[in-house]
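>>> mind looking at a prediction? Sequence and model below.
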Amino acid sequence: MESDFRTPDSDRVGEQVRWRPWPCSQCAAGATPVGFIAASHRANPKVSSYASALPVNEGIEYLARFERDQLLLWCVNCAHDGGLRRDVVFRLDEGSEHIVYKDTVGAVTEVVKVTHPGMYGEFYAVSKGRISQFACTPGQYLERMELLDMFGLPTTPVGITESGQIISRQKFILGDPPSQSEVNAFMSEAGMVPVNIHCFLWKMHQEDNVEVWVGDVRDENFVKTAAGIIPIDIRMWVKNADGS
């Protein structure tokens, strides 16, 4: 995915990220990445049936490979996007889900997130009072990006690497680290209630018996600015209130 080198105008070591953007509007025919994956499942109903017959984690891995391959093929088949791109970015950090970079173009600075190979985030489920953690598929990860708009910090998935790592960009936010109590107060004010506050897990009930769940609500995943607290790296997903 990347190699180290020094740029001519800087002493900093950059990394080259090679990736393909989502198809152009003509080739995508109005489909978003999430919509494309949903259509791929409708066109291949045996995929979900086969996955559901496997043990849970094996089924998730099977679906993740299918969705990854579909997204890669979708991007490769677009003849108008200029092909493989090579961005020079500078590493900021690395977490359990992403390698995080900083990219400045003119006066605009953005955070570039690249998922780890074969990983697309995680979600949690509560059964009999116990919290279990499961891997997400690419489709679930992309749905999570859409949910982040609820908190006013759009994270935009822009494409995928040749190995299936999803690339996303978001505004670079300057600020200070908040305390955990400030983060908890922010979540309460946003209409969330804790599922297990010690496990950093919250939820919000919405219409049609649907709940939005938020995980990894740790102080380190938020920034305190003059405009208030902003989440920069939380996990979100939707589930039915009955647990299904």
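On my side now, so go ahead. The structure presented is a predicted model; accordingly, all values stated were derived computationally and were not measured.

>>> where does this protein have low pLDDT?
The model of the chain has pLDDT under 70 over residues 1-12, 82, 127-128, 241-244.

>>> mind giving me the domain split of it?
If the domains of the chain are taken from automatic domain parsing, they occupy 4-171, 180-240, with pieces of a single domain joined by a plus sign.

>>> now these in JSON lines, please, with extra columns for mean neighbour count.
In short, each C-beta sits where N, CA and C put it, glycine included. Converted to JSON lines, those look like this (neighbours: other CB atoms under 10 Å):
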{"stretch": "domain 4-171", "mean neighbour count": "16"}
{"stretch": "domain 180-240", "mean neighbour count": "16"}
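
>>> show me where this protein has its helices.
Across the chain, reading from the start of the chain, the helices by DSSP state H fall at 25-28, 33-43, 45-52, 56-76, 138-147, 180-189.

>>> the fourth one packs against which elements?
By that I understand helix 56-76. The contact analysis (3 or more CB pairs under 8 Å, 6 or more residues apart in numbering; DSSP states H and E) places helix 56-76 against strand 13-21, helix 33-43, helix 45-52, strand 130-135, helix 138-147, strand 155-160.

>>> TSV please, covering these and showing distance to Asp208.
What follows is the helices and strands packed on helix 56-76, written out as TSV (distance: least, CB to CB, whole Å):
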stretch	distance to Asp208
strand 13-21	34
helix 33-43	18
helix 45-52	22
strand 130-135	23
helix 138-147	16
strand 155-160	25
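
>>> out of the ones you listed, which comes closest to Leu92?
Ranking the helices and strands packed on helix 56-76 by proximity to Leu92 (CB to CB) places strand 13-21 first, at 11.0 Å.

>>> can you name every helix or strand that the closest one contacts?
Based on contacts counted as 3+ CB pairs under 8 Å, 6+ apart, the elements that strand 13-21 packs against are strand 4-6, helix 56-76, strand 85-94, strand 155-160.

>>> return the set of residues that bridge with the closest residue in space to Lys239 that isn't next to it in sequence.
Sequence neighbours aside, Glu211 is the residue nearest to Lys239 in space, at 5.7 Å (criterion: CB to CB, 6 or more residues apart in numbering). On the basis of DSSP bridges, Glu211 takes part in beta bridges with His205, Lys239.

>>> Glu211 and Asn196, how far apart?
Separation of Glu211 from Asn196 (CB to CB, to the nearest Å) stands at 14 Å.

>>> show me what contacts Asp219?
Asp219 makes contacts with 177-180, 182-183, as judged by CB atoms under 8 Å, 6 or more residues apart in numbering.

>>> nearest residue to it in space, please, no chain neighbours.
Asp219's closest residue in space is Gln180 (CB to CB, 6+ apart), at 4.5 Å.

>>> check the gap between that neighbour and Gln140 for me.
Computed with CB to CB, the distance linking Gln180 and Gln140 is 27 Å.

>>> could you do Gly95 as well?
Relative to Gln140, and taking CB to CB, Gly95 is found at 18 Å.
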